[in-house]
Every structure is written in structure tokens, then in C-alpha cells.
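A.B. asks: here's a sequence, model it:
(2 chains)
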Protein chains: 2
Amino acid sequence: MSVLSLYRQVSVIGAGMTRFHHRVHQDKQGRELFVEAALEAAESVDRGFTFGDADALYLGYFSSDMFERQGHTAALMADWLGMNPKPAYRVEDACASSGVAVNAGVQAIASGMCDVVVVGGVEKMRTLGTSEVTDTLALAADANYEVGVGFTFPGLYAAIASAHFNKHGSTWEQLQQVAIKNHVNGKKNPKAQYQETIKEIADKLGERKGMSFRDEMEFLRSPLNPVVASPLRLFDCCPISDGAAAVILAADDVAEKYTDTPVRVAGIGQASDTMALHDRDDFTSLRAACVAARQAYNMAGVEARSIDTACVHDCFTIAEVVATEDLGFFARGEGSKAASEGRTALDGEMPVNPDGGLKAKGHPVGATGAAMVYEMFKQLRGQAGEHQVADAEVGLTHNVGAAGATVSVQIYRRG
Amino acid sequence: MSVLSLYRQVSVIGAGMTRFHHRVHQDKQGRELFVEAALEAAESVDRGFTFGDADALYLGYFSSDMFERQGHTAALMADWLGMNPKPAYRVEDACASSGVAVNAGVQAIASGMCDVVVVGGVEKMRTLGTSEVTDTLALAADANYEVGVGFTFPGLYAAIASAHFNKHGSTWEQLQQVAIKNHVNGKKNPKAQYQETIKEIADKLGERKGMSFRDEMEFLRSPLNPVVASPLRLFDCCPISDGAAAVILAADDVAEKYTDTPVRVAGIGQASDTMALHDRDDFTSLRAACVAARQAYNMAGVEARSIDTACVHDCFTIAEVVATEDLGFFARGEGSKAASEGRTALDGEMPVNPDGGLKAKGHPVGATGAAMVYEMFKQLRGQAGEHQVADAEVGLTHNVGAAGATVSVQIYRRG
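C.D. replies: You can find the predicted model right below:
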């Protein structure tokens, strides 16, 4: 594959996010969540920033239509940020919406049209009940050939898990270490939805039910962790969340006006795959992730072994395992074993989802890609607090739409 | 305002569209409509084109969620076009979705990431009944402060019309000449939804009801043209339509491989305004249109007097009048009079909407911006058939989201 290149280099100069949560934002609309995240991003810019400095807004929002009966949300957010008359683009690529918005924003700067752009994402999901949310999320799958015959996302990822178990001999027990590790990380992240280990949750739930659990695995095997779509159980799935995240991008030659410690966008990649899972030759890998990662590695001039930490799209435990293989962190079929051996822990050789990932941090779908960039901005500047990865200089973000019909990958480097 | 510039120049090398219609596409889904338009675009490329040649897809679709219970439509369309694994972006800015997608596609090429991109739009609206369509379109207005208190778009544009009448002394009778002229043009356009003059429609409807009309105006004043939102009546409003349009953009240095007669993208502009109409100082102009036009004029190095023909966003008759003032074709307050004097007719000094406009051609909202580019591609290559504007060398497209919270403008030049 040829090395794609940008005419101008881009850096992240600020980042903000709301806490992700299923309850605490109950009284807020999407617009209020996004403004909260964007204001924090502006405040994080070392030498000051006002929204009048920005040349455009790129917003990821998956389904404002269903969740808030509101379309045209980019113009709405530009209005609420006082950015008029600057142009505003809403980008929707399912759960990859704001990862894709980052790529669009980078291209806007590299094209010469913009010097500075605000990129972010939001999803206000808890306007609907759980089953309506599941139905809305299923809009990201193929209405004709998947949803119409009963598939929703837990089912699609269950098929991926089954295929992985079958082909590589990986096990459900190994997958549990992904969830356990991500809750350990989430406990250290003040923005995370769940700031508790699974053991702590097990103890709390057990107490209510008059049950006690020796360890996480006993809880995870219990009826308190019911099967959602075999082999996936409740704790294999990320939660439903409200939240927003925003980052501020600037051309490298402009970034120095704002900060001495920018985070460089070293490489970007994006790819598509068949909408329906059944159209693919292999379920155990997301082809779009492999292609997008190769583009980003080539542009950045690095390989997987150079990545110090990564935020990957763990909408289900199996998704994190597949991601770590697709990105080349572990050999094909070894991701599950690597996770179970602690190699992706905060102090492991390849810390994955130091912020708790979608599993513990939460997954307001349109916000997730931008929240990954937020995390990298903090990690690569050494500002990630208790969940800081030691000496993180190069980081990667991996944001997946649906079952991999869209994947964006970005590589960031300490400035 | 500074002159924005692109690092690389871009041309249109192909364009296609379905017929726009409320009935003939009844059995087709949005994906089928888009593929039909995209295949025609590919076939229009002089020296041949396959979708494997493209580096990305940018798709405008306003509300696939509501109309088709389908999200993630960019990936879906990329799949149906055989474009995998090329990246696909869905862009949504209300009725400006595909005009905005064109700007995103131009930026992708200018950034260095792409040489060739497919840009298009689609809307499959006739899955819902008329009142549900009106409710869905209202998602583009402010859910809190407009829709929540009873405003839908006919009401918002009625307020704009009333303000224009009040401030400039323009009249409802003058507005009717916009509709009459656009139906005259639509009759000459084989892609148009209504290929009949208003007089022909009046005669047909009159016959059914045992009524006869001396001329269009008698019909337009009759109960067969009921008030929708005073002062706007049914024939002041564009229809509900199904349809799709697609264009193929290439870097100028690559375009020569495909054609000797590209159409250059000479200038692009885009701006936002307040989401709610009531937040503006003046209803008689769309500020975002003025800003976007100024950007595009500056980039192209031309002024309004250089434009030979324009496709403007006439979702309502008043919208075309305001557009011709905002774009500088006529002095402020003179647009209505100019229309009534025939100055915007196909053989007038400034032919506006030679394809019939949204009024007669139809308005499948996500497709409209791309369909305007389709028309310019034909006009500037002298291939517009019966509705060809004589000696058209420089053309303009003006695509509005909602009541002007988003506006994109592009200027095209014969290559």
C-alpha cells in the first residue's frame, strides 16, 4: 500500500470530555453535554483559546434523530458554542462517528481551508429505554439482511466470538480478563461511568441478593451475569451511556501559538467493509481495521511495536481481543491469551484501554472516538493521573462502526 | 474576509442522478437509488471510470434513521458500489447535506489524502406519509424552541416571506412567478418530478373538479392552491421526493486522465447561523448564505456579475427570492421584482434554477446539493439539452440547511 500523505501536519492542542454516565446527565440534553466537553477542551489549551479562533466544527453524533428528535446537530452545536458563522459538519459513521470526524477535521486543516478546528462527538442515549436503545443501535447494521432477521449487535459480536473460539481455541474465560482489566483501569479514571472493579460490583450486587463470590470469575459465571447472546454475557458488553468529548486540532505551524506541548497527529487511516457480517470470508478479524491501521502506521512511519498505549473499541470483550490482533500488537489468535496473561494491563507490555475502555468508561457512541483522542492527549502529555501509562510517547486510537463496516485509526505522538 | 485557499485544485469529472419523483421509485430503497445515480456518474466519465478508482465516498443523507430505519449509510453505499475497503463518510447538515458533502470531498482531495472521491446524496422520503415527512423534516429545526412550540418549515419560511413583504414591499403575486418559471424549466428537464407547467397542472386539476382557469394566477389564487402557512400556499412549497445524485471529483492533475472537459471547482464556501430563526436580527436574508457566497466568490476570484447561471435552494418560492439577493444577483429587496419581471428565466439576464429548482425538479433533501452540481456539470459542458443556458461558463450552487443554519455555496467554471 502506498503511503498517503497530508499537505500540512496537524496537532491536538486541547481536549475535554464530560463524565460518561447512564444517570448523572439525566436532566441534560446533547447540546448541553457537548458544550460542557468543548468548554473543558478550550480551557485545556495552555495559552488560551476562544471558539472564535476555530475555523470549523466537525461533530460526530450517531442518532440524534432517534435519541433526541433533533437533526442538524452540527449547526446546533456551533450555535451553542458561539461559533457562527463558522461552518459545521455533522459526520455519522455509526459508533465510529467521532473517530471519522477527527479524520475529516485533519483533512480540513491539511487542505488549507482551516487552521484550527473543533472536533467532537456526543450521544444522549438515556432518553430511551434499554430495548429501544438496542433497536436504535441496530440501525448501524443492515436493515435488510441483519436487523430484519433478528440480529442486533450483541448477536453479531457473539458470532465473532464463536468464530474466534472455534478458529483459535480462545475461551470465554480468557475474554473475562478484558472486562476485569478494564474495570481496574476505569476505577482510576474520574471520567469513567464505572469506577469500580468487577469484584466490588460483585460484592455489592451479591449483598443485595444474599450471595457472596470468592472472586470475579465466580460472579461472572453466576446468574447475576446473565447470557445476552451466547457466549457473551452481560459483563462482556459495554454499557449504555450519555456523554460528550471534544478536541481542538491546529495546523502544526499554528499550534505553537497555543502550546509548547502539542500532541502530534502522526498518522490517520480509515476503511470500510461489507455492511453485513455474513458477507465476509472471515469473522475473526475486522478487515477494515487492518487496512486503516496499515495506512496509519505507514503515514506515521512506525510499526505496532512502537505503540506505547492504545485506546481500542471494546464494545464487547471479544472486540478488544480482535482489535489487538488486527492492530498487530499480538499475533493472530493470540489476543485472548495475551489479555488473560495481563499483557494489556496498565503495567503490562502493551497497555490497552488505560482509561477503562468502552467497557468501564462507557460508550455514548458518537462521543467515543473523540474520547479516545482525549485520553491520548492526556497520556502523551503525562497528565493521565492514576491511569497514566509510564513513558507513553506514541499512542493509537481505534474506533469501530457497527461490526467493522467502518474503522478509523489514528496514531499520536508526543509533540 | 481573507481569501481561503486550497492546496490542490479540484474538478468534477462525472455526474449522475436518478429522476426525482414521489411515486416512480416506490419499490426502491435508498441504496438502490444511490447506486443508480452513481452508476450514471461513472458512465458519464469520458474515458471510463470504475469505483475502484475512487479513494473515498462522501454521502449526504438527512434522515435515513427515520425514513428507512437505517443508519451508517455511507458504509452501506460503499459496500453496494463495491468500494470496500475505501473509507466512507456520511455527512448530515439537514437539507444542505450533500452540498456540504461536496465541500468535505473537495477538502479530502486538497489535503493530499485522496486523488478521486465520489460525492453524492440520497433521500428516500416516500416511506412515510405526508405529515410524518413534515415532522421528520422538522428535525432540522430547533426541537426545543421551534418544533416544540409548533413550528415546521412552511411556518418558518412563511415568517421569512412576511418579513420580506413588510420590509421591501414585495408581494405574494411576485413570488408566484418563481413557481411558474421553475415549472416552465422543469418541463424541459427529463429528471424533474414535475415536467408540466403550472397552467397544465391547473387545467388537469380543474377538469377533475369541473373548474377552468384563465391563467396560472387565477388557479394559484383558487382553493385548489390552499394556504399552507400564510402567506405561502401549496404551490409556494417544493414537493416531497425520492431520489439520489452523485458526482465524481478529481484533483486537477488527475482529472486529465479521465476527461478533456472537466468542470473546475473554482470556489467553495460554507457558513452557519443560529439554529432558531427568532435568534436573528433580520429574517429577510440568510446571513450564512452571504458569508458562504463571499468565501466562494473570493476563492474563485469572481463577483456575482460573472455568474452565468445558478442553482439556488428554492424549498419555498420566497427562498429563491432571498437567495438571489444574498448571492448579489439583485439588490437587497429587488429579488421578488426581478423574478416577476422574468429576469431569472432561462432566457433572462440571470437564469436561476434552469433545471426547475427544488420546486419542479423535486427535493429529496439529502440529494439536492449533489443534484445542483450535476446540473452545473451538464450546463457548463453544454449538455443540458432543452434547458441549456446559452454560453454558460461560470455557474453557482447554493444549498441551504433548515432556515439557513447551514449554507454551502460552490462556484464552478468550464474547464
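A.B. asks: which SSE is the closest residue to residue A:283 other than its chain neighbours in?
C.D. replies: Leaving aside its sequence neighbours, residue A:283 sits nearest to residue A:163 (CB to CB, 6 or more residues apart in numbering or on different chains; 3.8 Å). (C-beta placed from N, C-alpha, C; glycine too.) Assigned by DSSP states H and E, residue A:163 belongs to helix A:153-168.
A.B. asks: tabulate the CA atom coordinates of that helix in CSV.
C.D. replies: The C-alpha coordinates for helix A:153-168 follow below in CSV (Å, rounded to 0.1, in the frame of the first residue of the first chain):
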residue,chain,number,x,y,z
PHE,A,153,-25.1,-6.1,17.9
PRO,A,154,-24.7,-8.5,20.9
GLY,A,155,-25.7,-11.2,18.4
LEU,A,156,-23.2,-10.1,15.8
TYR,A,157,-20.3,-9.9,18.2
ALA,A,158,-21.4,-13.2,19.7
ALA,A,159,-20.9,-14.7,16.2
ILE,A,160,-17.4,-13.1,16.1
ALA,A,161,-16.6,-14.6,19.5
SER,A,162,-17.8,-18.0,18.5
ALA,A,163,-15.8,-17.9,15.3
HIS,A,164,-12.7,-16.8,17.3
PHE,A,165,-13.1,-19.6,19.8
ASN,A,166,-13.6,-22.1,17.0
LYS,A,167,-10.6,-21.0,14.9
HIS,A,168,-8.1,-20.1,17.6
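A.B. asks: now do the helix or strand just after that helix: distance to the chain's middle.
C.D. replies: Sequence-wise, the next helix or strand downstream of helix A:153-168 (DSSP H and E) is helix A:172-186. With CA atoms, centre = their mean, to the nearest Å as the basis, helix A:172-186 stands 16 Å off its chain's centre.
A.B. asks: tell me what helix A:172-186 is packed against?
C.D. replies: helix A:153-168, helix A:198-209, helix A:216-220, helix A:317-326, helix A:335-340, helix A:357-361 (3 or more CB pairs under 8 Å, 6 or more residues apart in numbering or on different chains; DSSP states H and E).
A.B. asks: now with 7 Å?
C.D. replies: Helices and strands touching helix A:172-186, by 3 or more CB pairs under 7 Å, 6 or more residues apart in numbering or on different chains; DSSP states H and E, are helix A:198-209, helix A:216-220, helix A:317-326, helix A:335-340, helix A:357-361.
A.B. asks: contact partners of the second one?
C.D. replies: Just to be clear, that refers to helix A:216-220. A:176, A:180, A:198, A:199, A:202, A:213, A:225, A:233, A:235 (CB atoms under 7 Å, 6 or more residues apart in numbering or on different chains).
A.B. asks: next SSE downstream of it?
C.D. replies: In N-to-C order, the element after helix A:216-220 by DSSP H and E is strand A:227-229.
A.B. asks: which positions in that following strand come out as buried?
C.D. replies: Residues of strand A:227-229 classed as buried by neighbour count (16 or more other CB atoms under 10 Å in any protein chain shown): A:228, A:229.
A.B. asks: partner strands of the helix or strand following it, with direction?
C.D. replies: Going down the chain from strand A:227-229, the next helix or strand is strand A:232-233, by DSSP H and E. Strand pairing for strand A:232-233, using DSSP bridges, gives strand A:227-229 (antiparallel).
A.B. asks: pLDDT on the strand it pairs with, on average?
C.D. replies: Averaging pLDDT along strand A:227-229 yields 97.
A.B. asks: one step back: quick check: the residue nearest to residue A:283 touching residue A:285?
C.D. replies: No - checked against CB atoms under 7 Å, the pair residue A:163 and residue A:285 is beyond contact range at 9.6 Å.
A.B. asks: those two - which one has more neighbours?
C.D. replies: A side-by-side neighbour count of residue A:163 and residue A:285, using other CB atoms under 10 Å in any protein chain shown, places residue A:285 first with 21 against 17.
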